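A.B. asks: this is the structure alone, sequence omitted:
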């Protein structure tokens, strides 16, 4: 009888080990599926923007209009300068100071300049032209002209911001005529990497 009990105990132990092995294998499969699912979901979340949802991901003017509306303290969002303060912190990497000028499609004709700066922000101390490029080519001397305009503003400092999908540099034809110091004043920013 004792021998039969031992055999039964051994079979039960063997069956339990097989069940445990199957369970662990299934848990491993479930965890792997969950991990892949989270990764896939995160990729979907990372690639989702309101511009994609509206089919506007390559519509530069629409991007500028939406950004302008958000950072404009008098925008219809009713948040005052909260978004603008975040813009200073996250994009300019500077402490906020009250804005004296904020424009979308800022016309800079005159004094040898021509063109329209996509977004332009000015404070008592600084000038910030922002050029937005989404799969579009630079114009001849475009950043040179925007730099000249900012430099001639009545502010103590300035930076030209160049906003692209991945933070690429402007083409040479856009910066022709700029000094090394002026080129170092160009700040590359990206839609994909704003910390």
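C.D. replies: In hand now; what should we look at? Being a predicted model, the structure only gives us computed values, none of them experimental.
A.B. asks: mind checking how far residue 71 is from residue 113?
C.D. replies: Note on residue 71: its distance to residue 113, by CB to CB, to the nearest Å, is 23 Å. No exception for glycine: its C-beta is placed from N, CA and C like everyone else's.
A.B. asks: what residues are up against the closest residue to residue 83 other than its chain neighbours?
C.D. replies: Nearest non-adjacent residue to residue 83, counting by CB to CB, 6 or more residues apart in numbering: residue 70, 4.7 Å away. Shown in contact with residue 70 (CB atoms under 8 Å, 6 or more residues apart in numbering): 77, 83, 87.
A.B. asks: more crowded one of residue 71 and residue 113?
C.D. replies: Shown here are residue 71 and residue 113; by other CB atoms under 10 Å, residue 71 has more neighbours (24 against 16).
A.B. asks: help me confirm that residue 107 comes into contact with residue 116.
C.D. replies: Yes. If you go by CB atoms under 8 Å, residue 107 and residue 116 touch, sitting 5.5 Å apart.
A.B. asks: which stretches of this protein have low pLDDT?
C.D. replies: 1-13, 15-51, 56-58, 111, 193-195 (pLDDT under 70).
A.B. asks: what do you get if the cut-off is 80, keeping everything else the same?
C.D. replies: Residue ranges of the chain with pLDDT under 80: 1-60, 110-113, 154-155, 191-195.
A.B. asks: if we can go back for a sec, my read is the residue nearest to residue 83 is in a strand, agree?
C.D. replies: No. Residue 70 is assigned helix when assessed by DSSP: H, G, I helix; E, B strand; the rest coil, not a strand.
A.B. asks: my guess is residue 128 contacts residue 121. True?
C.D. replies: Yes. Between residue 128 and residue 121 there is a contact under CB under 8 Å: 4.4 Å.
A.B. asks: tell me, how many residues neighbour the nearest residue to residue 140 once chain neighbours are set aside?
C.D. replies: Nearest non-adjacent residue to residue 140, counting by CB to CB, 6+ apart: residue 173, 5.5 Å away. Around residue 173 there are 14 other residues, counting by other CB under 10 Å.
A.B. asks: check the secondary structure at residue 173 for me.
C.D. replies: Quick answer, by three-state DSSP: residue 173 is helix.
A.B. asks: what of the one 10 residues further on?
C.D. replies: Following three-state DSSP, we place residue 183 in the helix state.
A.B. asks: thought residue 175 was touching it, still the case?
C.D. replies: Yes. If you go by CB under 8 Å, residue 183 and residue 175 touch, sitting 5.8 Å apart.
A.B. asks: higher neighbour count, the two?
C.D. replies: The neighbour comparison of residue 183 against residue 175 (other CB under 10 Å) goes to residue 175, with 21 against 15.
A.B. asks: distance of the residue nearest to residue 140 relative to residue 109?
C.D. replies: Using CB to CB, residue 173 is found at 20 Å from residue 109.
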